[in-house]
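Q: here is a sequence with its predicted model. Questions after.
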Amino acid sequence: MDVELKSLTGNGTWSVVSLPKDKKPVGCKWVYKIKRNPDGTVERFKARLVAKGFTQQEGVDFIDTFSPVAKLVTVKLLLALAATQKWSLTQMDVTNAFLHGDLEEEIYMSLPPGYTDTSSGSLPPRPVSSNDTAAEEALKILLRSHFKIKDLGPLKFFLGLEIARSSQGISVSQRKYCLELISDTGLIGSKPVTVPLDPNVSSHKETGPTLVDLTPYRALVGPHMKAAQRVVRYLKSNPGQGLFYSVNSDMQLKAFGDADWAQCPETRRSVSGFCVFLGSSLISWKAKKQHTVSRSSTEAEYRALANTTCCAPDKGGEKDCGADFSKGHDRFKSSERCLLLDGDDVAYTEWF
(Lines give C-alpha, C1' and ligand atoms only; values in the text may rest on other atoms or scores of the structure.)
Protein backbone atom coordinates (compact mmCIF):
# COMPACT_ATOMS: atom_id res chain seq x y z
CA MET A 1 0.00 0.00 0.00
CA ASP A 2 2.84 2.40 0.79
CA VAL A 3 4.43 1.68 -2.60
CA GLU A 4 1.08 2.34 -4.33
CA LEU A 5 0.52 5.62 -2.50
CA LYS A 6 4.09 6.75 -3.13
CA SER A 7 3.76 6.01 -6.84
CA LEU A 8 0.46 7.90 -7.17
CA THR A 9 1.77 10.87 -5.26
CA GLY A 10 5.01 10.92 -7.27
CA ASN A 11 3.05 11.07 -10.52
CA GLY A 12 0.98 14.02 -9.30
CA THR A 13 -2.22 12.04 -9.67
CA TRP A 14 -4.16 14.30 -7.31
CA SER A 15 -4.04 17.44 -5.23
CA VAL A 16 -5.39 17.49 -1.68
CA VAL A 17 -8.00 20.27 -1.47
CA SER A 18 -11.11 21.15 0.49
CA LEU A 19 -14.33 19.79 -0.99
CA PRO A 20 -16.54 22.53 -2.54
CA LYS A 21 -20.05 22.69 -1.10
CA ASP A 22 -21.73 21.86 -4.43
CA LYS A 23 -19.61 18.75 -5.11
CA LYS A 24 -19.95 15.13 -3.99
CA PRO A 25 -16.80 13.03 -3.66
CA VAL A 26 -16.30 9.65 -5.33
CA GLY A 27 -15.35 6.97 -2.84
CA CYS A 28 -12.32 4.70 -3.18
CA LYS A 29 -11.12 1.37 -1.85
CA TRP A 30 -8.10 -0.92 -1.83
CA VAL A 31 -8.02 -4.02 -4.03
CA TYR A 32 -5.46 -6.68 -3.16
CA LYS A 33 -4.00 -9.23 -5.54
CA ILE A 34 -1.27 -11.87 -5.45
CA LYS A 35 0.93 -11.73 -8.55
CA ARG A 36 2.27 -15.18 -9.41
CA ASN A 37 4.99 -16.51 -11.68
CA PRO A 38 4.15 -19.00 -14.48
CA ASP A 39 5.10 -21.88 -12.16
CA GLY A 40 2.57 -20.75 -9.55
CA THR A 41 5.05 -19.31 -7.03
CA VAL A 42 4.33 -15.90 -5.51
CA GLU A 43 6.07 -13.03 -7.30
CA ARG A 44 4.76 -10.21 -5.12
CA PHE A 45 1.75 -8.94 -3.19
CA LYS A 46 0.08 -6.03 -4.93
CA ALA A 47 -2.29 -3.35 -3.65
CA ARG A 48 -4.24 -1.13 -6.03
CA LEU A 49 -6.27 1.92 -5.12
CA VAL A 50 -9.43 2.17 -7.24
CA ALA A 51 -12.15 4.80 -7.37
CA LYS A 52 -15.76 3.68 -6.97
CA GLY A 53 -16.73 4.71 -10.46
CA PHE A 54 -20.12 3.01 -10.20
CA THR A 55 -21.31 5.98 -8.16
CA GLN A 56 -20.92 8.26 -11.21
CA GLN A 57 -23.63 8.91 -13.77
CA GLU A 58 -22.98 8.67 -17.50
CA GLY A 59 -23.65 12.01 -19.18
CA VAL A 60 -23.28 13.87 -15.89
CA ASP A 61 -19.91 12.87 -14.45
CA PHE A 62 -18.44 11.48 -17.68
CA ILE A 63 -19.29 11.17 -21.38
CA ASP A 64 -17.53 8.01 -22.51
CA THR A 65 -14.69 5.73 -21.55
CA PHE A 66 -12.00 4.26 -23.77
CA SER A 67 -9.00 2.06 -23.11
CA PRO A 68 -6.85 0.76 -25.97
CA VAL A 69 -6.14 -2.94 -25.67
CA ALA A 70 -4.32 -5.45 -27.86
CA LYS A 71 -6.31 -8.29 -29.42
CA LEU A 72 -4.85 -11.75 -28.86
CA VAL A 73 -4.88 -12.33 -32.62
CA THR A 74 -2.49 -9.37 -32.92
CA VAL A 75 -0.25 -10.87 -30.23
CA LYS A 76 -0.20 -14.26 -32.00
CA LEU A 77 0.51 -12.60 -35.36
CA LEU A 78 3.43 -10.75 -33.78
CA LEU A 79 4.80 -13.99 -32.31
CA ALA A 80 4.50 -15.78 -35.67
CA LEU A 81 6.36 -12.91 -37.36
CA ALA A 82 9.00 -12.87 -34.63
CA ALA A 83 9.68 -16.56 -35.25
CA THR A 84 10.05 -16.27 -39.03
CA GLN A 85 11.90 -12.94 -38.97
CA LYS A 86 14.12 -14.01 -36.04
CA TRP A 87 13.19 -10.95 -33.98
CA SER A 88 14.22 -10.81 -30.35
CA LEU A 89 11.34 -10.41 -27.89
CA THR A 90 11.81 -8.27 -24.79
CA GLN A 91 9.18 -7.58 -22.14
CA MET A 92 8.84 -4.18 -20.51
CA ASP A 93 6.44 -2.84 -17.91
CA VAL A 94 5.35 0.80 -17.62
CA THR A 95 4.52 1.57 -14.00
CA ASN A 96 1.20 3.38 -13.59
CA ALA A 97 0.71 3.36 -17.35
CA PHE A 98 -3.00 4.19 -17.12
CA LEU A 99 -2.22 7.36 -15.15
CA HIS A 100 -0.37 8.92 -18.07
CA GLY A 101 -3.65 9.75 -19.82
CA ASP A 102 -5.24 13.17 -19.65
CA LEU A 103 -8.30 13.64 -17.42
CA GLU A 104 -10.44 16.49 -18.74
CA GLU A 105 -13.21 16.29 -16.12
CA GLU A 106 -12.92 17.71 -12.61
CA ILE A 107 -13.23 14.78 -10.20
CA TYR A 108 -13.24 14.89 -6.40
CA MET A 109 -12.38 11.67 -4.56
CA SER A 110 -12.35 10.84 -0.87
CA LEU A 111 -8.93 10.43 0.69
CA PRO A 112 -7.64 6.84 0.47
CA PRO A 113 -7.91 4.72 3.63
CA GLY A 114 -4.58 4.97 5.43
CA TYR A 115 -3.46 8.04 3.44
CA THR A 116 -1.10 10.38 5.24
CA ASP A 117 0.44 12.09 2.19
CA THR A 118 1.69 9.80 -0.31
CA SER A 119 -0.34 3.53 -6.07
CA SER A 120 0.09 1.46 -8.92
CA GLY A 121 -1.76 0.02 -11.56
CA SER A 122 -0.03 -0.86 -14.65
CA LEU A 123 -0.94 -2.15 -18.01
CA PRO A 124 0.19 -5.68 -18.80
CA PRO A 125 3.90 -5.66 -19.64
CA ARG A 126 4.31 -4.83 -23.32
CA PRO A 127 6.54 -6.94 -25.56
CA VAL A 128 9.08 -5.22 -27.76
CA SER A 129 10.21 -7.07 -30.89
CA SER A 130 13.30 -6.33 -32.94
CA ASN A 131 16.34 -7.96 -34.51
CA ASP A 132 18.38 -4.77 -34.14
CA THR A 133 20.02 -4.70 -30.70
CA ALA A 134 21.09 -1.06 -31.00
CA ALA A 135 17.57 0.06 -32.00
CA GLU A 136 16.10 -1.95 -29.12
CA GLU A 137 18.40 -0.27 -26.59
CA ALA A 138 17.63 3.14 -28.09
CA LEU A 139 13.90 2.45 -27.66
CA LYS A 140 14.43 1.48 -24.02
CA ILE A 141 16.36 4.70 -23.36
CA LEU A 142 13.62 6.74 -25.03
CA LEU A 143 10.91 5.07 -22.93
CA ARG A 144 12.87 5.54 -19.71
CA SER A 145 13.16 9.25 -20.45
CA HIS A 146 9.36 9.58 -20.34
CA PHE A 147 8.13 6.77 -18.05
CA LYS A 148 9.18 4.67 -15.13
CA ILE A 149 10.13 1.43 -16.89
CA LYS A 150 10.88 -2.08 -15.63
CA ASP A 151 12.86 -4.28 -18.02
CA LEU A 152 11.56 -7.83 -17.51
CA GLY A 153 13.99 -9.45 -19.93
CA PRO A 154 13.10 -11.97 -22.66
CA LEU A 155 9.36 -12.47 -23.20
CA LYS A 156 8.15 -15.49 -21.22
CA PHE A 157 4.68 -14.73 -19.83
CA PHE A 158 2.22 -12.27 -21.38
CA LEU A 159 -1.57 -11.92 -20.90
CA GLY A 160 -1.82 -15.48 -19.61
CA LEU A 161 0.28 -16.90 -22.48
CA GLU A 162 3.38 -18.91 -21.56
CA ILE A 163 6.00 -18.36 -24.24
CA ALA A 164 9.10 -20.51 -24.80
CA ARG A 165 11.63 -20.08 -27.58
CA SER A 166 14.14 -22.40 -29.22
CA SER A 167 16.13 -22.49 -32.44
CA GLN A 168 13.16 -24.23 -34.07
CA GLY A 169 10.60 -21.55 -33.26
CA ILE A 170 8.27 -20.19 -30.57
CA SER A 171 5.80 -22.30 -28.56
CA VAL A 172 2.78 -20.77 -26.82
CA SER A 173 0.64 -22.49 -24.18
CA GLN A 174 -1.61 -21.73 -21.20
CA ARG A 175 -0.58 -24.55 -18.89
CA LYS A 176 -0.89 -22.52 -15.68
CA TYR A 177 -4.39 -21.34 -16.64
CA CYS A 178 -5.50 -24.88 -17.57
CA LEU A 179 -4.28 -26.33 -14.27
CA GLU A 180 -6.07 -23.58 -12.32
CA LEU A 181 -9.27 -24.20 -14.32
CA ILE A 182 -9.13 -27.94 -13.63
CA SER A 183 -8.58 -27.29 -9.93
CA ASP A 184 -11.33 -24.66 -9.63
CA THR A 185 -13.91 -26.95 -11.30
CA GLY A 186 -13.06 -29.85 -8.97
CA LEU A 187 -12.13 -32.18 -11.81
CA ILE A 188 -8.56 -32.97 -10.77
CA GLY A 189 -9.47 -36.61 -10.13
CA SER A 190 -11.58 -36.99 -13.28
CA LYS A 191 -10.65 -39.21 -16.21
CA PRO A 192 -9.17 -37.30 -19.18
CA VAL A 193 -10.80 -37.56 -22.62
CA THR A 194 -9.15 -37.38 -26.04
CA VAL A 195 -11.67 -35.10 -27.78
CA PRO A 196 -13.31 -31.93 -26.34
CA LEU A 197 -16.87 -32.76 -27.48
CA ASP A 198 -18.68 -36.03 -28.16
CA PRO A 199 -20.07 -35.83 -31.72
CA ASN A 200 -22.68 -38.46 -30.90
CA VAL A 201 -24.23 -36.50 -28.00
CA SER A 202 -26.57 -33.58 -28.65
CA SER A 203 -27.27 -31.13 -25.80
CA HIS A 204 -30.58 -29.29 -25.40
CA LYS A 205 -31.88 -26.73 -22.92
CA GLU A 206 -34.09 -29.36 -21.30
CA THR A 207 -31.37 -32.00 -20.87
CA GLY A 208 -29.49 -32.35 -17.61
CA PRO A 209 -30.48 -31.47 -14.03
CA THR A 210 -31.48 -27.97 -12.97
CA LEU A 211 -28.53 -26.17 -11.39
CA VAL A 212 -29.07 -24.70 -7.92
CA ASP A 213 -25.82 -22.71 -7.95
CA LEU A 214 -25.15 -21.06 -11.33
CA THR A 215 -21.71 -19.70 -10.37
CA PRO A 216 -19.62 -22.69 -11.59
CA TYR A 217 -21.52 -22.78 -14.89
CA ARG A 218 -21.12 -19.06 -15.50
CA ALA A 219 -17.42 -19.30 -14.66
CA LEU A 220 -16.96 -21.96 -17.34
CA VAL A 221 -19.10 -20.06 -19.88
CA GLY A 222 -20.10 -23.29 -21.55
CA PRO A 223 -23.07 -24.09 -23.80
CA HIS A 224 -24.11 -26.90 -21.46
CA MET A 225 -22.70 -27.84 -18.04
CA LYS A 226 -21.94 -31.44 -19.00
CA ALA A 227 -20.35 -30.35 -22.28
CA ALA A 228 -18.29 -27.67 -20.51
CA GLN A 229 -16.99 -30.21 -17.99
CA ARG A 230 -15.96 -32.49 -20.84
CA VAL A 231 -13.87 -29.67 -22.31
CA VAL A 232 -12.09 -29.34 -18.95
CA ARG A 233 -11.44 -33.10 -18.94
CA TYR A 234 -9.98 -32.75 -22.43
CA LEU A 235 -7.64 -30.02 -21.17
CA LYS A 236 -6.59 -32.36 -18.35
CA SER A 237 -5.24 -34.84 -20.90
CA ASN A 238 -2.52 -32.36 -21.90
CA PRO A 239 -2.66 -28.95 -20.15
CA GLY A 240 0.63 -27.84 -21.72
CA GLN A 241 -0.50 -28.36 -25.30
CA GLY A 242 -0.44 -25.18 -27.36
CA LEU A 243 0.67 -23.53 -30.56
CA PHE A 244 4.04 -23.69 -32.28
CA TYR A 245 5.31 -20.98 -34.61
CA SER A 246 8.10 -22.39 -36.77
CA VAL A 247 11.05 -20.35 -38.00
CA ASN A 248 10.59 -22.04 -41.38
CA SER A 249 7.01 -20.86 -41.93
CA ASP A 250 6.36 -18.78 -45.04
CA MET A 251 4.60 -15.42 -45.14
CA GLN A 252 1.48 -16.47 -47.02
CA LEU A 253 -1.76 -15.64 -45.26
CA LYS A 254 -4.37 -18.42 -45.57
CA ALA A 255 -7.91 -18.46 -44.19
CA PHE A 256 -10.30 -21.42 -44.04
CA GLY A 257 -14.03 -20.89 -43.48
CA ASP A 258 -16.99 -23.23 -43.23
CA ALA A 259 -20.55 -23.40 -41.90
CA ASP A 260 -22.78 -26.08 -40.40
CA TRP A 261 -26.23 -25.26 -41.76
CA ALA A 262 -29.13 -25.20 -39.23
CA GLN A 263 -26.92 -26.95 -36.70
CA CYS A 264 -28.77 -25.67 -33.62
CA PRO A 265 -31.82 -27.93 -33.10
CA GLU A 266 -33.68 -25.27 -31.07
CA THR A 267 -33.16 -22.08 -33.13
CA ARG A 268 -32.21 -23.66 -36.49
CA ARG A 269 -29.40 -21.15 -36.76
CA SER A 270 -26.18 -22.17 -38.49
CA VAL A 271 -22.71 -22.21 -36.99
CA SER A 272 -19.79 -20.42 -38.67
CA GLY A 273 -16.21 -21.50 -38.20
CA PHE A 274 -12.88 -20.26 -39.48
CA CYS A 275 -9.15 -20.48 -38.88
CA VAL A 276 -6.42 -18.19 -40.19
CA PHE A 277 -2.80 -19.21 -40.79
CA LEU A 278 0.35 -17.25 -41.52
CA GLY A 279 2.17 -19.95 -43.41
CA SER A 280 1.94 -22.95 -41.08
CA SER A 281 1.32 -20.79 -37.97
CA LEU A 282 -2.24 -20.69 -36.64
CA ILE A 283 -2.97 -17.12 -35.51
CA SER A 284 -6.79 -16.86 -35.30
CA TRP A 285 -9.84 -19.14 -35.08
CA LYS A 286 -13.46 -19.03 -34.01
CA ALA A 287 -16.67 -21.06 -34.10
CA LYS A 288 -19.87 -19.14 -33.39
CA LYS A 289 -23.59 -19.42 -33.98
CA GLN A 290 -24.81 -17.05 -36.68
CA HIS A 291 -27.07 -14.15 -35.68
CA THR A 292 -29.90 -15.00 -38.10
CA VAL A 293 -31.46 -18.10 -39.62
CA SER A 294 -30.12 -18.97 -43.09
CA ARG A 295 -32.67 -20.37 -45.50
CA SER A 296 -30.12 -22.42 -47.42
CA SER A 297 -26.70 -23.95 -46.91
CA THR A 298 -25.33 -21.55 -49.53
CA GLU A 299 -26.49 -18.55 -47.50
CA ALA A 300 -24.93 -20.01 -44.36
CA GLU A 301 -21.65 -20.64 -46.18
CA TYR A 302 -21.63 -17.10 -47.58
CA ARG A 303 -22.09 -15.63 -44.08
CA ALA A 304 -19.21 -17.78 -42.87
CA LEU A 305 -17.04 -16.49 -45.70
CA ALA A 306 -17.87 -12.89 -44.76
CA ASN A 307 -16.98 -13.54 -41.11
CA THR A 308 -13.69 -15.14 -42.14
CA THR A 309 -12.75 -12.17 -44.31
CA CYS A 310 -13.56 -9.64 -41.57
CA CYS A 311 -11.41 -11.41 -38.97
CA ALA A 312 -8.33 -11.99 -41.16
CA PRO A 313 -5.44 -9.48 -40.82
CA ASP A 314 -5.55 -6.78 -43.50
CA LYS A 315 -3.01 -4.72 -45.37
CA GLY A 316 -2.99 -2.12 -42.60
CA GLY A 317 -1.99 -4.72 -40.02
CA GLU A 318 0.70 -5.96 -42.38
CA LYS A 319 2.29 -2.49 -42.55
CA ASP A 320 2.00 -1.94 -38.78
CA CYS A 321 3.96 -5.14 -38.13
CA GLY A 322 6.58 -4.33 -40.75
CA ALA A 323 5.70 -7.52 -42.63
CA ASP A 324 5.46 -8.24 -46.32
CA PHE A 325 2.88 -10.85 -47.26
CA SER A 326 4.46 -11.12 -50.68
CA LYS A 327 2.70 -14.35 -51.62
CA GLY A 328 -0.73 -12.79 -51.27
CA HIS A 329 -3.82 -13.93 -49.40
CA ASP A 330 -5.76 -17.15 -49.98
CA ARG A 331 -9.25 -17.93 -48.70
CA PHE A 332 -10.62 -21.46 -48.76
CA LYS A 333 -14.26 -22.56 -48.85
CA SER A 334 -15.87 -25.98 -49.15
CA SER A 335 -19.01 -24.83 -50.98
CA GLU A 336 -18.79 -24.49 -54.78
CA ARG A 337 -22.10 -22.56 -54.86
CA CYS A 338 -20.71 -20.05 -52.38
CA LEU A 339 -17.63 -19.56 -54.53
CA LEU A 340 -19.79 -18.87 -57.57
CA LEU A 341 -21.79 -16.24 -55.67
CA ASP A 342 -18.69 -14.27 -54.76
CA GLY A 343 -17.49 -11.93 -57.48
CA ASP A 344 -14.11 -11.20 -55.89
CA ASP A 345 -11.05 -11.90 -57.99
CA VAL A 346 -9.10 -13.12 -54.96
CA ALA A 347 -7.83 -16.66 -55.41
CA TYR A 348 -10.15 -19.24 -53.84
CA THR A 349 -9.53 -22.93 -53.53
CA GLU A 350 -12.13 -25.59 -52.87
CA TRP A 351 -11.19 -28.00 -50.10
CA PHE A 352 -12.82 -31.06 -48.60
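A: Cool, got the structure. Numbering: from 1, shown residues only.

Q: so which residues of the stretch 201-350 of the chain form helices?
A: Ranges of helices in the stretch 201-350 of the chain, per DSSP state H, counting those that start in this stretch, are 215-220, 225-237, 297-311, 315-320, 336-341.

Q: so which of those gets nearest Val31?
A: helix 215-220 (19.5 Å; CB to CB). For every residue, glycine as well, the C-beta is placed using N, CA and C.

Q: packing partners of that closest one?
A: With contacts defined as 3 or more CB pairs under 8 Å, 6 or more residues apart in numbering; DSSP states H and E, helix 215-220 has these neighbours: helix 225-237.

Q: contact partners of the helix it packs on?
A: 178, 181-182, 185, 187-188, 190-198, 201, 203, 207-208, 211, 216-217, 220-222 (CB atoms under 8 Å, 6 or more residues apart in numbering).

Q: give the buried residues for it.
A: Neighbour counts over helix 225-237 (16 or more other CB atoms under 10 Å) mark Met225, Ala227, Ala228, Gln229, Arg230, Val231, Val232, Arg233, Tyr234, Leu235, Lys236 as buried.

Q: just stretch 3-10 next, same as before
A: Quick answer for stretch 3-10 (16+ other CB under 10 Å): Glu4, Leu5, Ser7, Leu8.

Q: can you tell me which two in those residues are farthest apart?
A: Taking CB to CB, no two of the buried residues of stretch 3-10 sit farther apart than Leu5 and Ser7, at 7.3 Å.

Q: how close does Ala47 sit to Leu8?
A: In this view, Ala47 and Leu8 are 11 Å apart by CB to CB, to the nearest Å.

Q: ok, for Ser280, nearest residue in space, not its chain neighbours?
A: Ser249 (4.7 Å; CB to CB, 6 or more residues apart in numbering).

Q: domain parsing for this structure?
A: Following automatic domain parsing, one gets these domains for the chain: 2-169, 175-237, 250-350.

Q: point out the most buried one among those domains.
A: Greatest average neighbour count among the domains of the chain goes to domain 250-350 (a mean of 16), per mean count of other CB atoms under 10 Å.

Q: residues in contact with Tyr108?
A: Per CB under 8 Å, 6+ apart, neighbours of Tyr108: Leu19, Pro20, Lys23, Lys24, Pro25, Val26.

Q: nearest to Leu243, out of the domains of the chain?
A: domain 250-350 (5.8 Å).

Q: quick one: average confidence on that closest one?
A: For domain 250-350, mean pLDDT rounds to 76.

Q: got the contact list for Gly273?
A: Gly257, Asp258, Ala259, Asp260, Trp285, Lys286, Ala287, Lys288, Ala304.
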